[in-house]
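Student: after the sequence you'll find the predicted model.
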Amino acid sequence: MKPPRQNNTIPKGYKQTEIGLIPEDWEVISVDEISKITTGDKDTQNKIADGKYPFFVRSQEIERINSYTFDGEAVLTSGDGVGVGKIFHYIKGKFDFHQRVYSIHDFNKYDGKFFYYYFSNHFFERVMQMTAKSSVDSVRREMISNMNIPFPPTIQEQQAIAQVLSDTDRCIESMQQLIAKKKAIKQGAMQELLTGKKRLADFSGKWETKKLGEVAFIKTGSKNNQDKVVDGYYPFFVRSQSIEKINSYSYDCEAILVPGEGGIGSIFHYINGKFDVHQRVYVISNFSENIYGKYVYLFMKEHFGMHAMKNTVKATVDSLRLPTFKEFEIKLPNDIQEQQAIAQILSDMDAEIEALTAQLHKTKALKQGLMQELLTGKTRLVKPYRQEDNDELRMVAEEKTNFK
């Protein structure tokens, strides 16, 4: 493992160590000095769908089992598989674990939750430094046991740091649950509103089914990836969820953009304005007089992927052809105002989900910043221990005793 770059200017109250600058009263200890490391004895087939106890396998997903081989505080990480160095669990209670999962436990005088946060934030980097390959197939025991961890001098400070990070995790989990709930509500609304199962107030007109080729003009763009400009003026739609920029525009209208290859049935864009398009991206535009493009966009997002799969003889779809678009059937109300009302409701739901997702990203970034500050002692939650403070307290106590 490469030593950290030395900092020639060491701030007062800090010291340079093999893992970088830390407070003078913190200590650096290897994992095997503060805990025990073991692997499980179970296989994946031992899992039971409704088992009593958590069963940790080589996955972020936690299975269930009716047995337990450990009861206590532990940190678990996968010993091999695609999640090497990226999968971590913390538990305090009864559990069982796979034979290729490491359990780090019996933390003695140290707080296991503090260890979990530092270990999970730094272990992958350590693993990558200890291999010559671009990926890691498995974790050797010494990768864990010899890893150095910085610890605050008191368990109270360790617990205070862990508590702040745990509170942040709970906030993130709560936001993730709320987003999942909002997405489920939107999914239900789409299934009802885009099929006419549920009608909006003040609308009672007939619905009909039309082919996409009957209500819009469909063609592909003419640009290539190399035409993109980093700080270009206009959106440039390529075969990706990401939207590039470009200094030209071939279209100035309302349109739906769908890649003809790559991300088949999962990438859809809607725009009303100036833009340009890759030669393998389909532009759906020039909608008929009584057709609202945003409604068609929302309907396609929900149903077009399945339509594409039905029109191929293979298990996957490599590319889309023009007839697949033209023959796609859209169910919609005759009244364009009802189409617009439905699209507005679903767009508002999308906007709310996007706002919550942006807030979630900010909270995750905040947590990352907190870990960088708190797990290295750059920011202290507990006043640092100083021997001179202890000496002053002892002298004051002696003076009071003598006075009596």
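Tutor: The structure has been received and is ready for your questions.
Student: spell out the residue ranges of the helices in the stretch 251-400 of the chain.
Tutor: Secondary structure of the stretch 251-400 of the chain (DSSP state H, counting those that start in this stretch): helices at 293-310, 322-326, 336-374, 387-403.
Student: any chance of the ones you listed in TSV, plus mean neighbour count?
Tutor: Bear in mind the C-beta positions are built from the backbone N, C-alpha and C, glycine included. Output for the helices of the stretch 251-400 of the chain, formatted as TSV (neighbours: other CB atoms under 10 Å):
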stretch	mean neighbour count
helix 293-310	19
helix 322-326	16
helix 336-374	15
helix 387-403	9
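Student: and those: which comes nearest A180?
Tutor: Between A180 and the helices of the stretch 251-400 of the chain, the tightest spacing by CB to CB is seen for helix 336-374, at 9.9 Å.
Student: before we move on, the earlier item: out of the helices of the stretch 251-400 of the chain, flag the one nearest V139.
Tutor: Among those, helix 336-374 comes nearest to V139, with 21.5 Å by CB to CB.
Student: ok, P152 - how many residues close by?
Tutor: Residues near P152, counting by other CB atoms under 10 Å, number 27.
Student: that one touches T379, doesn't it?
Tutor: No - with contact defined as CB atoms under 8 Å, P152 and T379 do not form a contacting pair (11.7 Å).
Student: picking that back up, want to throw the helices of the stretch 251-400 of the chain into CSV with mean pLDDT?
Tutor: As requested, the helices of the stretch 251-400 of the chain are exported to CSV (pLDDT from 0 to 100):
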stretch, mean pLDDT
helix 293-310, 92
helix 322-326, 93
helix 336-374, 96
helix 387-403, 50
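Student: let's have these in JSON lines, adding distance to Y102.
Tutor: Formatted as JSON lines, those follow (distance: least, CB to CB, whole Å):
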{"stretch": "helix 293-310", "distance to Y102": "40"}
{"stretch": "helix 322-326", "distance to Y102": "49"}
{"stretch": "helix 336-374", "distance to Y102": "21"}
{"stretch": "helix 387-403", "distance to Y102": "38"}
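Student: of these, which is nearest P23?
Tutor: helix 336-374 (11.5 Å).
Student: the closest residue to G265 other than its chain neighbours and G263, how far apart?
Tutor: Take G265 and drop its neighbours on the chain: the residue closest to it by CB to CB, 6 or more residues apart in numbering is G305, 2.8 Å away. Applying CB to CB, to the nearest Å, one obtains 10 Å for the distance of G305 from G263.
Student: same question for M143.
Tutor: 36 Å.
Student: can you check S138 too?
Tutor: 32 Å.
Student: repeat that for L356.
Tutor: Note on L356: its distance to G263, by CB to CB, is 24 Å.
Student: same check on D167?
Tutor: D167 is 37 Å from G263, where distance means CB to CB.
Student: same check on M130?
Tutor: 36 Å.
Student: looking at those two, which one has more neighbours?
Tutor: More crowded of M130 and G263, by other CB under 10 Å: M130, with 15 against 12.
Student: just to check, that one is in contact with N146?
Tutor: No - with contacts counted by CB under 8 Å, M130 stays clear of N146, the gap being 9.4 Å.
Student: and the strands in the stretch 151-300 of the chain?
Tutor: Assigned by DSSP state E, counting those that start in this stretch, the stretch 151-300 of the chain shows strands spanning 207-211, 217-220, 234-237, 243-246, 251-259, 269-277, 281-285.
Student: which strands and helices sit next to the third one?
Tutor: It stands for strand 234-237. Counting contacts by 3 or more CB pairs under 8 Å, 6 or more residues apart in numbering; DSSP states H and E, strand 234-237 is packed against strand 243-246, strand 269-277.
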